[in-house]
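K.L.:
coordinates only, no sequence provided:
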């Protein structure tokens, strides 16, 4: 039977780990290594132990995990969990009034003096799998916040740093757009004031509902014809109106932030539903996070302020814009260019030239290539691979005029 | 400048590690009773450290001297010898150190935060902890010492440096360097950009 066969293989693996590699095999470590459910790992360890007992192998010893209820010193019933070596198993079980759980915790050849080695065994595995710690476990909690993945955190942090300048720029830019799009009933001046007002209300810790509603109403009117309204499907709570314009204009993402973005967009809408504009006010914050978490169990533990999250999202959406432009721009041609070198050598190079607008970029590329060429002073060599290599870092390095080529261009701008 | 920094970092990391490893060996082999050890944290995992002040001071001095020699790159190996009451060596834990080929960071194998190195050192400590499965038990009343295999020039330099600190190193006796009826037990090897360490144990077949 298939399950038996897999069990057999696993038992052989455990045998190898314990005897040949002299490892400490804890149930957690086994589950992560063999990618099996933790309960299966416990069963396997138990059957392995039985086998060893039958073979009268005194080399192998085990530790057990015992949990149960016991009467504490103050008379209150406490739930305790202990990991004990095999010798102390019976005595520990007797001490507990009710034994709720007892299973093999680890199997090893070494005589363990204390729990240090057990902790060390699991340490690396646990750290690597922090975001999926419940993958092989049967303990689930809908409301539990899953720790963020490290890459997302660092991205978010770096994005936060660059938000302020970009935010204001984008604000003005998009408010201008909304004026053009909308059947402008309101004056451009007030237009600019409103998105700023809504953003300001976001950043303020205690935002007043009235202000937000005013700004929302006005922005609503202006952005009626914009795509956003269609997307939101008439959800009246277009409250962070000025900000939401950005989300509406975001095109489908082309980068790997795609995973976060689609999840974020519906969540943003959900958030609007649940969160009034004064979500940043301290009083409502706790309620917010709970309702948010209910609806979005997988989202990162956003105890941060709403505005900061908005900023992050805005930046990501900007990047989506640029990435789609990049896709267009990626149609480049390898064009051989010949020119006279400083020393009078004819140098022929293959240069990536884009088909679309960025003529400036092409110039930059060839300029930068010219200088190293002079230094090397090789004549007539076609350095096909090196221009290709140089273009990629340079593409990121060239300050795209008014357009963002990639995340790193953010930093280069300054 | 980069190379000098790397040597310093390597010396620091290695001497710290050796200090913890010596404590670990003393704890695992039961050279001192369990009571004198306390739990401390190193590389984010708990380790047992001997709390007796004289022992602690002695090990710290050993580590400082090793660090000084490592800065010159003169250490070939560090050996922790456990001797029987009659001062015959019973076990030797050998840390083979290779500081040549300190490669600059290759793009694929960068470890600028030394996270991989920390992981490897943790694995080495773990291996030491389970080493007693591979070795026969020691009799009671054992003593221990540390040998460092190095160059003559480094040895004299060290004597000058430490002359005022009242901590001298003497040349090891011949009979303490070799185990009778030895059995070699390889344990773990570690390689990183900064240094390479190999850990193995020699055990005497004639433990009482």
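P.N.:
The structure has been received and is ready for your questions. Note that the structure is a prediction, hence the values are computed from the model and not measured. Residues are numbered from 1 along each chain as shown, chains lettered A, B, ... in the order given.
K.L.:
report the rounded mean pLDDT for stretch A:24-44.
P.N.:
What stretch A:24-44 shows for mean pLDDT is 90.
K.L.:
and for residue A:22, the neighbour number?
P.N.:
Close neighbours of residue A:22, defined as other C-beta atoms under 10 Å in any protein chain shown, add up to 17. C-beta here means a position set from N, CA and C on the backbone, and glycine is covered the same way.
K.L.:
that one contacts residue B:133, correct?
P.N.:
Yes - assessed by C-beta atoms under 8 Å, residue A:22 is found in contact with residue B:133 at 5.5 Å.
K.L.:
ok, residue B:189 - contacts?
P.N.:
B:196-199 (C-beta atoms under 8 Å, 6 or more residues apart in numbering or on different chains).
K.L.:
so what touches the lowest-mean-pLDDT helix or strand in chain B?
P.N.:
Counting by mean pLDDT, DSSP states H and E, chain B has its least confident helix or strand at helix B:152-162, which shows a mean of 82. Here helix B:152-162 makes contact (C-beta under 8 Å, 6+ apart) with B:65, B:68-69, B:72, B:74-75, B:168-169.
K.L.:
filter the residues you listed to the buried ones?
P.N.:
Buried residues within the contacts of helix B:152-162, counting neighbours by 16 or more other C-beta atoms under 10 Å in any protein chain shown: B:65, B:68-69, B:72, B:74-75, B:169.
K.L.:
looking at chain B, which helix is longest?
P.N.:
helix B:2-28 (DSSP state H).
K.L.:
excluding chain neighbours, what is closest to residue B:42?
P.N.:
residue B:20 (5.0 Å; C-beta to C-beta, 6 or more residues apart in numbering or on different chains).
K.L.:
right, and the one you found touches residue B:41 too?
P.N.:
No - the criterion here is C-beta under 8 Å, and residue B:20 misses it with residue B:41 at 10.3 Å.
K.L.:
which neighbours do those two share?
P.N.:
Counting by C-beta under 8 Å, 6+ apart, the shared contacts of residue B:20 and residue B:41 are residue B:47.
K.L.:
mind showing which ranges of chain B have poor pLDDT?
P.N.:
B:1, B:101-109, B:164, B:208 (pLDDT under 70).
K.L.:
what does it put close to chain A?
P.N.:
B:27-28, B:34, B:39, B:44-48, B:119, B:122, B:125-126, B:129-134 (C-beta under 8 Å from any C-beta of the partner chain).
K.L.:
hmm, try it at 10 Å
P.N.:
Contacts of chain B with chain A, taken as C-beta under 10 Å from any C-beta of the partner chain, map to B:24, B:27-28, B:30, B:34, B:37, B:39, B:43-48, B:115, B:118-119, B:122-123, B:125-135, B:137, B:185, B:187.
K.L.:
picking that back up, any idea which of the contacts of helix B:152-162 is closest to chain A?
P.N.:
residue B:75 (26.3 Å; C-beta to the nearest C-beta).
K.L.:
format the contacts of helix B:152-162 as TSV; extra columns: secondary structure.
P.N.:
Below are the contacts of helix B:152-162 laid out as TSV (DSSP: H, G, I helix; E, B strand; the rest coil):
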residue	secondary structure
B:65	helix
B:68	helix
B:69	helix
B:72	coil
B:74	coil
B:75	strand
B:168	coil
B:169	coil
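K.L.:
output those as a markdown table; include the columns distance to residue B:147.
P.N.:
Formatted as a markdown table, the contacts of helix B:152-162 follow (distance: C-beta to C-beta, whole Å):
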| residue | distance to residue B:147 |
| --- | --- |
| B:65 | 12 |
| B:68 | 16 |
| B:69 | 12 |
| B:72 | 18 |
| B:74 | 14 |
| B:75 | 11 |
| B:168 | 14 |
| B:169 | 10 |
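K.L.:
follow-up on the earlier one: now for the residue nearest to residue B:42, how many residues are close by?
P.N.:
Residue B:20: 21 neighbours (other C-beta under 10 Å).
K.L.:
tell me the contacts of it?
P.N.:
Applying C-beta atoms under 10 Å, 6 or more residues apart in numbering or on different chains, we find residue B:20 in contact with B:40, B:42-43, B:47-49, B:59, B:63, B:121, B:124-125, B:128.
K.L.:
same check, this time on residue B:184
P.N.:
With C-beta under 10 Å, 6+ apart, residue B:184 has these contacts: B:92, B:94, B:200-203.
K.L.:
among those, name the buried ones.
P.N.:
B:92, B:94, B:201-203.
K.L.:
so, low pLDDT: which residues of the stretch 101-250 of chain A?
P.N.:
For the stretch 101-250 of chain A (pLDDT under 70), the answer is A:146-250.
K.L.:
please disregard the earlier target; I meant the stretch 301-414 of chain A.
P.N.:
For the stretch 301-414 of chain A, the stretches with pLDDT under 70 are A:301-332, A:353-405, A:409-410, A:412-414.
K.L.:
and for residue B:154, nearest residue in space, chain neighbours not counted?
P.N.:
Closest to residue B:154 by C-beta to C-beta, 6+ apart is residue B:74, at 3.5 Å.
K.L.:
surely the one you found touches residue B:68?
P.N.:
Yes - here residue B:74 reaches residue B:68: they are 9.4 Å apart, a contact under C-beta atoms under 10 Å.
K.L.:
for residue A:80, give me its contacts.
P.N.:
Residue A:80 touches A:66-70, A:72, A:92, A:95-96, A:100, counting by C-beta under 10 Å, 6+ apart.
K.L.:
and it, that one's in a strand?
P.N.:
Yes - Residue A:80: assigned to a strand according to three-state DSSP.
K.L.:
mind checking how far it is from residue A:116?
P.N.:
21 Å (C-beta to C-beta, to the nearest Å).
K.L.:
can you pull out the strands in chain B?
P.N.:
Ranges of strands in chain B, per DSSP state E, are B:37-42, B:45-50, B:75-83, B:89-98, B:143-150, B:182-191, B:196-204.
K.L.:
deepest-packed of those, please.
P.N.:
Of these, the one with the most neighbours on average (mean count of other C-beta atoms under 10 Å in any protein chain shown) is strand B:89-98, at a mean of 22.
K.L.:
chain center to it: distance?
P.N.:
Centroid separation between strand B:89-98 and its chain, computed with C-alpha atoms, centre = their mean, to the nearest Å, is 8 Å.
K.L.:
name the helices or strands packed onto that strand?
P.N.:
When contacts are defined as 3 or more C-beta pairs under 10 Å, 6 or more residues apart in numbering or on different chains; DSSP states H and E, strand B:89-98 packs onto helix B:2-28, helix B:53-71, strand B:75-83, strand B:143-150, strand B:182-191, strand B:196-204.
K.L.:
the contacts of residue A:80 into JSON lines, with extra columns for neighbour count, distance to residue A:26 and pLDDT?
P.N.:
Output for the contacts of residue A:80, formatted as JSON lines (neighbours: other C-beta atoms under 10 Å in any protein chain shown; distance: C-beta to C-beta, whole Å; pLDDT from 0 to 100):
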{"residue": "A:66", "neighbour count": "21", "distance to residue A:26": "15", "pLDDT": "93"}
{"residue": "A:67", "neighbour count": "16", "distance to residue A:26": "16", "pLDDT": "92"}
{"residue": "A:68", "neighbour count": "19", "distance to residue A:26": "20", "pLDDT": "91"}
{"residue": "A:69", "neighbour count": "14", "distance to residue A:26": "25", "pLDDT": "89"}
{"residue": "A:70", "neighbour count": "14", "distance to residue A:26": "24", "pLDDT": "86"}
{"residue": "A:72", "neighbour count": "11", "distance to residue A:26": "28", "pLDDT": "78"}
{"residue": "A:92", "neighbour count": "19", "distance to residue A:26": "18", "pLDDT": "90"}
{"residue": "A:95", "neighbour count": "14", "distance to residue A:26": "23", "pLDDT": "88"}
{"residue": "A:96", "neighbour count": "19", "distance to residue A:26": "22", "pLDDT": "88"}
{"residue": "A:100", "neighbour count": "12", "distance to residue A:26": "20", "pLDDT": "90"}
